[in-house]
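Asks: need a 3D model of the following:
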Amino acid sequence: MEPREGQMVTSASIDEPGLKARVGEFLNRWPVAGLAVGVVRHGSLAWFHGHGAADIGAGTPVDQDTVFRIGSITKTMTAMAIMQLQEQGLVDLDGPAADYLRAYRLIPAKAGFRPATLRHLLTHTAGVRAVRDPSDLLRPALGWGTRAGRPVPPLAEYYRGGLHIDVEPGSKWAYSNHGFATLGQIVDDVSGIPFGRYLRERVFGPLGMDHSDLSRSDRVRPGLATGYVLRSRGLKAVTDREVVPAGGGSVYSTTGDMARYAAALLGGGANEHGRALRPETLATMFEPSYQPDPRIPGMGLGFFRGQAGAHPTASHDGIWLGFHSTLVLAPDQGTGVVAFANTGPFSPLAAAGPVASAVLHSVLGLPDDAVRTGVPEQPRVWGELCGWYSLGPGVLTDPQPRMLGGVEVAVRHGHLTIRGQIPVPAVRRGLRLHPDSDDPDAFRINLPGFGSGTSPVVFGRDPSGRVTAMHLGVQPLSFQKRPGALNPRPWVAGALAASAMALAAGHRHRPPCGCHHGQKNLNWNRAQE
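Replies: Numbering: from 1, shown residues only. The predicted model follows:
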């Protein structure tokens, strides 16, 4: 029997009032219509907390059976399906993905590219673009969704016969839903079983996940929460859409089912209901398969790697219109946390991730993640580190990292800082690089705007000692150091200054009636907002 609100399976190791208060702190910062949080320990759901409404109009409360759209946590399930095929000897992770893909082609930008492998796809290093073409940037949900109720096109039709590989596989990390959609298609093509049915029979079924599915079936429809966004007049229900690249983010599930899934991930591939993977196979999924620098946790197979204190973590989050979800595991402690919210923008700025991180730290008895204090700064190397860093050559249609517009490292207010163009004010102003050890090239940043927590930032050098790259830990992105002349900030600043001077000159020479025309234009512009 699983716990209801506030009931605990384990002993007094879980501080129920403390956890509820901790969750409340984040809900005060990121209000939501509904939130579900579960702690998994010793193979079962040890604590559950439901807050708010699954559907405001119906007054339905959030409980363990509320169905959420878990977004990109789906990718871990797609990875599990691939690893099942690998266990059976049906696929080779380091063999060309094209050998297993029948529905459409992978089209490299250059004939000389090495083949993209399943391992490349599992680690977001296959060079697969994030959007099919630039026009997707103008479509709702970046072209990843189609309105609920309409037929979801098969991937062969969706990709018009081929999916483009923009850069050399293995040379760059770039998050891609289409890469995992392709893995789902490979499961279909190799097994001969439609991907949704495969998950039901080979993943959800053995693990007792009876209220989970890849599509909006009768298994999930009755308990499905409504997704919301916050607008100027309060909560507004989102336009419901289905995920077309299903292997990248289409699964529907409940807290109860996801607790069973987490228990299996913490239990060597099995829970009380059955087994989905061998222990040694699951262990390889948590190990680093892509690591741009040994000081960065990097990627496992379908999982992001990280740290909670001294404990390694494996995690994934999920974002879809009106829904945010997080799964974070501390395998060496047999402990995991799942958090699901039915409110949020189509961005990482929402409650589920910070709540899951804070609850995990609390359950493990760890202080909040924070930068180290008392580590001396080493300004002797700052001149080598300062400069402009960008994602490097190769056109990879990926709007998420490119929102940064490159990053600049500079000394501001007496400290080394990093800043980018992502629409988070603190990042645009600049984040301080806090020294993290005696290594003068290793730092840590606070992550304001994304909840509590920190992330490593390290600089790489070539054999001659010249700084060539910067590697981020929050996602294993690598930025290459560029000549100062390529830094767009001085050029933009100069253009803005020139525009301001021209505007001022225009005001000085404008006839008196011009101010009225200017006010009229200003009022018209405001009316269009």
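Asks: separation between residue 461 and residue 480?
Replies: As defined by Cβ to Cβ, to the nearest Å, residue 461 lies at a distance of 13 Å from residue 480. To be clear about C-beta, it is placed using only N, CA and C from the backbone, and glycine gets the same treatment.
Asks: and if you look at residue 220?
Replies: In terms of Cβ to Cβ, residue 220 sits 44 Å off from residue 480.
Asks: neighbour count winner among residue 461 and residue 480?
Replies: Applying other Cβ atoms under 10 Å to residue 461 and residue 480 shows that residue 480 carries more neighbours, namely 16 against 13.
Asks: confirm that that one sits in a helix.
Replies: No. Counting by DSSP: H, G, I helix; E, B strand; the rest coil, residue 480 is not found in a helix; it is strand.
Asks: that one pairs with what?
Replies: Beta bridges link residue 480 to residue 390, residue 469, judged by DSSP bridges.
Asks: do the same with residue 52
Replies: Beta-bridge partners, per DSSP bridges, of residue 52: residue 34.
Asks: in contact with it, which residues?
Replies: 32, 33, 34, 35, 61, 62 (Cβ atoms under 8 Å, 6 or more residues apart in numbering).
Asks: before we move on, what about residue 40?
Replies: Taking Cβ under 8 Å, 6+ apart, one finds 46, 259, 262, 263, 266, 335, 336, 337, 338 in contact with residue 40.
Asks: drop anything exposed from those residues.
Replies: Buried residues within those, defined by neighbour count using 16 or more other Cβ atoms under 10 Å: 46, 259, 262, 263, 266, 335, 336, 337, 338.
Asks: in strands, which of those residues fall?
Replies: By the criterion of DSSP state E, membership of the buried ones among the contacts of residue 40 in strands covers 46, 335, 336, 337, 338.
Asks: now those residues in CSV, with pLDDT and distance to residue 214?
Replies: Below are these laid out as CSV (pLDDT from 0 to 100; distance: Cβ to Cβ, whole Å):
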residue, pLDDT, distance to residue 214
46, 96, 28
335, 97, 28
336, 98, 22
337, 98, 24
338, 98, 18
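Asks: and the furthest pair within the contacts of residue 52?
Replies: Using Cβ to Cβ, the pair of the contacts of residue 52 lying farthest apart is 32 and 61, separated by 13.3 Å.
Asks: surely residue 122 and residue 289 touch.
Replies: Yes. Assessed by Cβ atoms under 8 Å, residue 122 is found in contact with residue 289 at 6.9 Å.
Asks: those two: who's more crowded?
Replies: residue 122 (27 against 20).
Asks: what's residue 186 in contact with, if anything?
Replies: By Cβ under 8 Å, 6+ apart, the neighbours of residue 186 are 82, 91, 97, 100, 101, 118.
Asks: for it, pull up the helix or strand it's in.
Replies: For residue 186, the host element (DSSP states H and E) is helix 177-191.
Asks: avg pLDDT for that helix?
Replies: Average pLDDT, helix 177-191: 97.
Asks: got the CA coordinates for whichever helix or strand comes after it in CSV?
Replies: Next along the chain after helix 177-191, taking DSSP H and E as the criterion, comes helix 195-199. This file holds the C-alpha atoms of helix 195-199, laid out as CSV (Å, rounded to 0.1, in the frame of the first residue of the first chain):
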residue,chain,number,x,y,z
PHE,A,195,7.0,2.5,-30.2
GLY,A,196,4.0,3.3,-28.0
ARG,A,197,3.0,-0.4,-27.7
TYR,A,198,6.7,-1.3,-27.1
LEU,A,199,6.8,1.0,-24.1
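Asks: counting contacts, what elements does helix 195-199 pack onto?
Replies: When contacts are defined as 3 or more Cβ pairs under 8 Å, 6 or more residues apart in numbering; DSSP states H and E, helix 195-199 packs onto helix 74-87, helix 177-191.
Asks: please name every helix or strand in contact with the shortest one.
Replies: I take that to be helix 74-87. Helix 74-87 packs on helix 118-122, helix 177-191, helix 195-199, helix 279-286, strand 311-320, going by 3+ Cβ pairs under 8 Å, 6+ apart.
Asks: now the angle from that helix to helix 279-286?
Replies: Relative orientation of helix 74-87 versus helix 279-286 (axes from the mean of the first three to the mean of the last three Cα atoms, to 10 degrees): 140 degrees.
Asks: quick one: buried residues of helix 74-87?
Replies: Across helix 74-87, burial judged by 16+ other Cβ under 10 Å covers 74-86.
Asks: any chance of the helices and strands packed on helix 74-87 in CSV, plus distance to residue 454?
Replies: Putting the helices and strands packed on helix 74-87 into CSV (distance: least, Cβ to Cβ, whole Å) gives the following:
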stretch, distance to residue 454
helix 118-122, 27
helix 177-191, 27
helix 195-199, 35
helix 279-286, 21
strand 311-320, 13
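Asks: which one of the ones you listed lies closest to residue 55?
Replies: The nearest among these, by Cβ to Cβ, is strand 311-320 at 16.7 Å.
Asks: parallel or antiparallel, list what pairs with whichever helix or strand comes after that closest one.
Replies: Next along the chain after strand 311-320, taking DSSP H and E as the criterion, comes strand 323-330. Using DSSP bridges, strand 323-330 pairs in its sheet with strand 311-320 (antiparallel), strand 335-341 (antiparallel).
Asks: compare residue 32 and residue 61 (neighbour count), which wins?
Replies: Comparing residue 32 with residue 61 by other Cβ under 10 Å, the one with more neighbours is residue 32, at 24 against 14.
Asks: quick one: the residue lying closest to the more buried one once chain neighbours are set aside from residue 350, how far?
Replies: The shortest distance from residue 32 to any non-neighbouring residue, by Cβ to Cβ, 6 or more residues apart in numbering, is to residue 343 (3.9 Å). In this view, residue 343 and residue 350 are 7 Å apart by Cβ to Cβ.
Asks: can you list residues touching both of these two?
Replies: 32, 324.
Asks: any chance of TSV for the helices and strands packed on helix 195-199, columns distance to residue 305?
Replies: Below are those laid out as TSV (distance: least, Cβ to Cβ, whole Å):
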stretch	distance to residue 305
helix 74-87	13
helix 177-191	17
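Asks: residue 204 is nearest to which of the ones you listed?
Replies: Taking Cβ to Cβ, helix 74-87 is the member of the helices and strands packed on helix 195-199 nearest to residue 204, at 8.4 Å.
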